[in-house]
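Trainee: Sequence plus predicted model, see below.
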Amino acid sequence: MTSRILTASLAGLTVLATATTGHAGGLERHGYDVDLLFEKSPFFFDGSVTYVMPNRRIRNAVDESVPAADPTNLNNIAGYSSTADGSEPYADPYLGAKAAIGDSIDCMIDYSEPFGANVKPGRHWAGAKDVSELEIFSHNYGAACSYRFDAGPGQFRVIGGGFYQEIGGHKEQVVVAPEILAGTPFSNFSGLGRMEDIKDSSGGWHAGVGYEIPEYAMRASLVYTSKVDYDDINGTLNLTGVPKAIAGSLDHQRIFGESTPVTASATLPESLELKLQSGIAPDWLGFGSVKWTNWSRLQTVDFRCDGSAAFCGDAAGKTLTALNLYYRDGWTVTGGLGHRFNEQWAGGMSLTWDRGTSTVVGSQSDVWMVGLGTAYSPSEHVELRLNGALGLLTSGESNPINTTTTRYEYGTDFVSALSGELRVKF
């Protein structure tokens, strides 16, 4: 096998070292990917699981919902802490398959979980009135095809596709601290409010172009992914743990002690990603990417009573609870090197910077990650990959805005990730 062919065989290494850099801004986890279309084998299967372990720690949290001297302030209640875990580990699975149709068309299908959030600071920290537990999940079922044709020394590729997406989740927060209810006729109430069974489904599309010179492992691609509009997010606001008798306003009298159907709308962002790679020496590959994601579309998700004015009463048209995000646009920049040691072993490394999307609220600051990976090919049809990454989460602060009432800080923290992948081609 010549050095030139060995260099060309490095084309797949761009994902080797970057597969574990999935701790991006906004609600992004896996994001979207149509790279399977560029695989040279007529039939290709790819399956992976990445386990991400962010270690974000919230510090100096202060409940500003009532004056500091008020005995109902969570900071004055025994056992409520000014520190909390600001993140939870999560798994990021992926399944994809690609098939060539004739000499010019390639098509793929895949399953991914592009967006999500998992936070569980608990019911006994100073910000529990904002959130004690939050989960957001997504399921994405995609299909895409490309058409390629000769252009100069290489091939030009036109890419198009679509996807069907489901989202869901729940949010829990302390409405009234149970310590305040203790010793009263309402001591059997939990004091908790919970948004339950949040769900909706929608779809979107991809469009892009690519250019390849396989002889030199050169590839460039530019892919746009559309926004996803969720116009009918439904759920239930369960306030059965809060006694109706303590309601201080008419709309609270309507919803305290009840389970109320609610509705909201939100738009998940569009993105534009440029990827580049090229053989730079025999058995060596350089690669990089720049991705823009329009997270500023997502500011706040307001949940309102889902029913007629007669049903909702004084709560009609009012925001009963909200998911306050106030994101700014995200930018992710990656660069790296891949090296093939022999016909069975290859390795790669990457450096990624992800611009934090949090502005006045939240703890998503800038992230720097270093990824390392290795690939083992026991045969020409099978490849196994093991990847790892270690990242730095920069410091910042979060301040009360809209319905949020907690002020807190976060220092420099760490994130780590491990990924295993199986690739089969024939």
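Mentor: Arrived safely. Fair warning: this is a prediction, and the values are worked out from it, not measured in the lab.

Trainee: List the residues that contact the nearest residue to A245 once chain neighbours are set aside.
Mentor: Using CB to CB, 6 or more residues apart in numbering and skipping the chain neighbours, the partner closest in space to A245 is F186 (7.2 Å). Using the backbone N, CA and C atoms, a C-beta is placed for each residue, glycine as well. If a contact means CB atoms under 8 Å, 6 or more residues apart in numbering, then F186 has P243, A245, I246 as its contacts.

Trainee: So which of these sits lowest on pLDDT?
Mentor: Of all the contacts of F186, the one the model is least sure of by pLDDT is I246, with 86.

Trainee: what's the neighbour count on that residue?
Mentor: By other CB atoms under 10 Å, the residues close to I246 number 18.

Trainee: V176 is in contact with that one, correct?
Mentor: Yes. Counting by CB atoms under 8 Å, V176 is a contact partner of I246 at 6.7 Å.

Trainee: Okay, the residue nearest to A245 and A315: tell me how far apart.
Mentor: When distance is defined by CB to CB, to the nearest Å, F186 is 21 Å away from A315.

Trainee: repeat for L192
Mentor: For L192, the distance to A315 - CB to CB - is 19 Å.

Trainee: of those two, who's got more company?
Mentor: Remark: of L192 and A315, A315 carries more neighbours, 24 against 21, as counted by other CB under 10 Å.

Trainee: how close does the more buried one sit to V131?
Mentor: 21 Å.

Trainee: Bridged to the nearest residue to I198 once chain neighbours are set aside, which residues?
Mentor: Of all residues beyond its chain neighbours, the one nearest I198 is G235 (3.9 Å), with distances taken as CB to CB, 6+ apart. Per DSSP bridges, the residues bridged to G235 are V262.

Trainee: Test my guess that G235 contacts M195.
Mentor: Yes. At 5.5 Å, G235 counts as touching M195 under the criterion of CB under 8 Å.

Trainee: shared neighbours of these two, anything?
Mentor: H170, V262, F303.

Trainee: Drop anything exposed from the residues you listed.
Mentor: The neighbour count (16 or more other CB atoms under 10 Å) marks H170, V262, F303 as buried among those.

Trainee: Pull the contacting residues for the second one.
Mentor: To tie it back to what came earlier, the one meant is V262. M195, N234, G235, T236, L237, F303, R304, C305, D306, L320, T321.

Trainee: count of neighbours near the spatially closest residue to the second one that is not a sequence neighbour?
Mentor: Read that as N234. Once flanking residues are discounted, N234 sits nearest to T263: 5.6 Å by CB to CB, 6+ apart. By other CB under 10 Å, the residues close to T263 number 16.

Trainee: before we move on, what about G210?
Mentor: Close neighbours of G210, defined as other CB under 10 Å, add up to 22.

Trainee: which residues does it contact?
Mentor: Contacts of G210 (CB under 8 Å, 6+ apart): L37, F38, S146, R148, F156, R157, I159, R219, A220, S221, L222.

Trainee: which ones are touching N75?
Mentor: Per CB under 8 Å, 6+ apart, neighbours of N75: V62, D63, A68, S82, A126.

Trainee: farthest pair in these?
Mentor: A68 and S82 (12.4 Å; CB to CB).

Trainee: Helix or strand: which one has A143?
Mentor: Using DSSP states H and E, A143 maps to strand 133-151.

Trainee: which of the residues in whichever helix or strand comes after that strand are buried?
Mentor: Next helix or strand after strand 133-151 toward the C-terminus (DSSP H and E): strand 154-174. Neighbour-count burial for strand 154-174, counted by 16+ other CB under 10 Å, picks out 154-155, 157, 159, 161, 163, 165, 167-174.

Trainee: mind listing the strands for the stretch 201-350 of the chain?
Mentor: All strands of the stretch 201-350 of the chain, identified by DSSP state E, counting those that start in this stretch, fall at 218-225, 228-238, 259-268, 271-281, 284-293, 300-305, 319-324, 330-340, 345-354.

Trainee: Of all the ones you listed, which one is nearest R385?
Mentor: strand 345-354 (9.1 Å).

Trainee: The nearest residue to G313 once chain neighbours are set aside - how many residues pack around it?
Mentor: Closest residue in space to G313, ignoring its immediate chain neighbours: R254 at 4.6 Å, by CB to CB, 6+ apart. Counted with other CB under 10 Å, the neighbours of R254 add up to 21.

Trainee: next one: V49
Mentor: Under the neighbour criterion other CB under 10 Å, V49 is assigned a count of 14.

Trainee: in the sheet, who's paired with it?
Mentor: Applying DSSP bridges to V49 gives these bridge partners: P93, G420.

Trainee: can you start the count at 45 instead of 1 from here on
Mentor: Sure, I'll start numbering at 45, so the last one becomes V93.

Trainee: Spit out the contact partners of it.
Mentor: Applying CB under 8 Å, 6+ apart, the residues contacting V93 are A135, D136, P137, Y138, S463, G464.

Trainee: go with 7 Å
Mentor: V93 is in contact with A135, P137, S463, G464, counting by CB atoms under 7 Å, 6 or more residues apart in numbering.

Trainee: again with D241
Mentor: G279, T280.

Trainee: in its sheet, what does the strand or helix carrying it sit against?
Mentor: Applying DSSP H and E as the criterion places D241 in strand 236-257. According to DSSP bridges, strand 236-257 forms sheet pairs with strand 198-218 (antiparallel), strand 262-269 (antiparallel), strand 272-282 (antiparallel).

Trainee: Tell me which of the ones you listed sits nearest to A68.
Mentor: strand 262-269 (13.9 Å).
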